[in-house]
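Visitor: Fold the following.
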Amino acid sequence: MLYVALTRPKEKLILVAAMRSAAGVVKRLLPRAECPVPPAVVAGCGSMAQWVLLPLLCRTESYPLRQAADMEAAACDNSGIPWRVAWVDGAEYCQRRRLPARAEELACADPAPTFDPALLSFQYGHRPKRAFLPN
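Guide: As a prediction, the model looks like this:
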(Lines give C-alpha, C1' and ligand atoms only; values in the text may rest on other atoms or scores of the structure.)
Protein backbone atom coordinates (compact mmCIF):
# COMPACT_ATOMS: atom_id res chain seq x y z
CA MET A 1 0.00 0.00 0.00
CA LEU A 2 2.82 2.42 0.83
CA TYR A 3 4.47 1.70 -2.53
CA VAL A 4 1.26 2.55 -4.37
CA ALA A 5 0.79 5.75 -2.37
CA LEU A 6 4.37 6.86 -3.04
CA THR A 7 4.40 6.11 -6.77
CA ARG A 8 1.03 7.46 -7.98
CA PRO A 9 1.06 11.24 -7.36
CA LYS A 10 1.30 13.31 -10.53
CA GLU A 11 2.35 16.66 -9.05
CA LYS A 12 2.86 16.55 -5.31
CA LEU A 13 3.00 14.07 -2.46
CA ILE A 14 2.54 15.19 1.13
CA LEU A 15 3.55 12.80 3.89
CA VAL A 16 2.84 13.51 7.53
CA ALA A 17 4.26 11.44 10.37
CA ALA A 18 3.48 11.87 14.03
CA MET A 19 5.57 10.03 16.57
CA ARG A 20 6.60 10.23 20.19
CA SER A 21 10.21 11.20 20.81
CA ALA A 22 10.79 11.93 17.13
CA ALA A 23 14.23 13.41 17.80
CA GLY A 24 15.25 10.14 19.44
CA VAL A 25 13.88 8.17 16.48
CA VAL A 26 15.97 10.28 14.10
CA LYS A 27 19.08 9.75 16.25
CA ARG A 28 18.54 5.97 16.26
CA LEU A 29 17.89 5.77 12.51
CA LEU A 30 20.74 8.01 11.37
CA PRO A 31 23.56 5.45 11.75
CA ARG A 32 21.54 2.95 9.67
CA ALA A 33 20.43 5.44 6.99
CA GLU A 34 21.66 4.65 3.52
CA CYS A 35 20.22 4.56 0.04
CA PRO A 36 19.12 1.97 -0.90
CA VAL A 37 18.16 0.80 2.56
CA PRO A 38 19.12 -2.83 3.24
CA PRO A 39 16.13 -5.16 3.81
CA ALA A 40 17.39 -6.12 7.28
CA VAL A 41 17.29 -2.46 8.36
CA VAL A 42 13.75 -2.03 6.99
CA ALA A 43 12.67 -5.17 8.85
CA GLY A 44 13.88 -3.60 12.10
CA CYS A 45 11.74 -0.47 11.67
CA GLY A 46 8.70 0.04 13.85
CA SER A 47 6.57 2.02 11.38
CA MET A 48 6.19 3.03 7.76
CA ALA A 49 7.30 6.53 8.75
CA GLN A 50 10.69 5.07 9.68
CA TRP A 51 10.87 3.38 6.27
CA VAL A 52 10.54 6.80 4.61
CA LEU A 53 12.88 8.51 7.09
CA LEU A 54 15.81 6.18 6.33
CA PRO A 55 16.44 7.34 2.74
CA LEU A 56 15.38 10.89 3.62
CA LEU A 57 18.15 11.14 6.22
CA CYS A 58 20.63 10.54 3.37
CA ARG A 59 19.61 13.80 1.71
CA THR A 60 20.56 17.38 2.54
CA GLU A 61 16.85 18.25 2.72
CA SER A 62 16.75 16.36 6.03
CA TYR A 63 18.37 19.39 7.69
CA PRO A 64 15.27 20.30 9.79
CA LEU A 65 15.11 16.75 11.16
CA ARG A 66 18.82 16.61 11.90
CA GLN A 67 18.72 20.03 13.54
CA ALA A 68 15.79 19.03 15.78
CA ALA A 69 17.73 15.92 16.81
CA ASP A 70 20.99 17.89 17.38
CA MET A 71 22.76 15.94 14.65
CA GLU A 72 25.32 17.05 12.05
CA ALA A 73 24.36 18.23 8.58
CA ALA A 74 24.02 15.63 5.84
CA ALA A 75 26.71 15.30 3.21
CA CYS A 76 24.76 12.95 1.00
CA ASP A 77 23.14 12.26 -2.31
CA ASN A 78 20.51 14.69 -3.61
CA SER A 79 19.65 13.03 -6.90
CA GLY A 80 16.12 13.29 -8.23
CA ILE A 81 13.34 15.68 -7.34
CA PRO A 82 14.04 17.81 -4.25
CA TRP A 83 12.08 17.11 -1.08
CA ARG A 84 10.61 19.83 1.12
CA VAL A 85 10.97 18.77 4.74
CA ALA A 86 9.50 20.49 7.80
CA TRP A 87 9.64 19.68 11.51
CA VAL A 88 6.67 20.62 13.69
CA ASP A 89 7.00 20.12 17.43
CA GLY A 90 3.61 18.93 18.63
CA ALA A 91 4.21 19.61 22.33
CA GLU A 92 1.78 22.52 22.27
CA TYR A 93 -0.92 20.24 20.87
CA CYS A 94 -0.42 17.62 23.56
CA GLN A 95 -1.26 19.79 26.55
CA ARG A 96 -4.46 18.78 28.29
CA ARG A 97 -7.36 21.17 28.49
CA ARG A 98 -7.86 22.71 31.91
CA LEU A 99 -10.98 21.47 33.65
CA PRO A 100 -13.33 24.02 35.25
CA ALA A 101 -12.58 24.38 38.93
CA ARG A 102 -15.94 25.77 40.06
CA ALA A 103 -19.63 25.18 39.37
CA GLU A 104 -19.95 28.71 37.87
CA GLU A 105 -17.40 27.82 35.22
CA LEU A 106 -19.29 24.63 34.45
CA ALA A 107 -22.49 26.61 33.91
CA CYS A 108 -20.72 28.83 31.36
CA ALA A 109 -19.14 25.93 29.48
CA ASP A 110 -20.42 24.83 26.09
CA PRO A 111 -23.35 22.39 26.37
CA ALA A 112 -22.71 18.75 25.55
CA PRO A 113 -23.46 17.88 21.92
CA THR A 114 -26.83 16.25 21.36
CA PHE A 115 -27.05 12.72 20.00
CA ASP A 116 -29.09 12.13 16.85
CA PRO A 117 -30.60 8.60 16.90
CA ALA A 118 -31.22 8.84 13.15
CA LEU A 119 -27.49 8.26 12.66
CA LEU A 120 -28.00 4.67 13.85
CA SER A 121 -30.42 3.91 11.02
CA PHE A 122 -27.84 4.46 8.25
CA GLN A 123 -27.55 1.50 5.89
CA TYR A 124 -24.75 1.01 3.41
CA GLY A 125 -26.17 1.19 -0.13
CA HIS A 126 -24.26 -1.77 -1.58
CA ARG A 127 -25.11 -5.18 -0.20
CA PRO A 128 -23.40 -8.41 -1.22
CA LYS A 129 -25.38 -10.55 -3.67
CA ARG A 130 -25.11 -13.55 -1.37
CA ALA A 131 -23.55 -14.19 1.95
CA PHE A 132 -20.92 -16.87 2.49
CA LEU A 133 -21.10 -18.62 5.80
CA PRO A 134 -18.49 -21.28 6.54
CA ASN A 135 -19.71 -24.58 7.98
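
Visitor: For residue 62, the count of nearby residues, please.
Guide: Neighbour count of residue 62, defined by other CB atoms under 10 Å: 24. C-betas here are computed from N, CA, C, even on glycine.

Visitor: Listing request: residues of the chain with sub-threshold pLDDT.
Guide: The model of the chain has pLDDT under 70 over residues 1, 73-78, 91-113, 122, 124-135.

Visitor: hmm, try it at 80
Guide: 1-11, 35, 72-83, 88-135 (pLDDT under 80).

Visitor: Show me the helices in it, by range?
Guide: Taking DSSP state H as the criterion, the chain carries its helices at 2-7, 22-29, 39-43, 48-56, 63-68, 91-94, 103-108.

Visitor: CSV for those, including distance to residue 83 and mean neighbour count?
Guide: Formatted as CSV, those follow (distance: least, CB to CB, whole Å; neighbours: other CB atoms under 10 Å):
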stretch, distance to residue 83, mean neighbour count
helix 2-7, 12, 10
helix 22-29, 15, 18
helix 39-43, 19, 10
helix 48-56, 7, 18
helix 63-68, 11, 16
helix 91-94, 24, 8
helix 103-108, 47, 9
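
Visitor: For these, give me TSV that also has distance to residue 120.
Guide: Shown next, in TSV, are the helices of the chain (distance: least, CB to CB, whole Å):
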stretch	distance to residue 120
helix 2-7	33
helix 22-29	40
helix 39-43	43
helix 48-56	34
helix 63-68	45
helix 91-94	32
helix 103-108	29
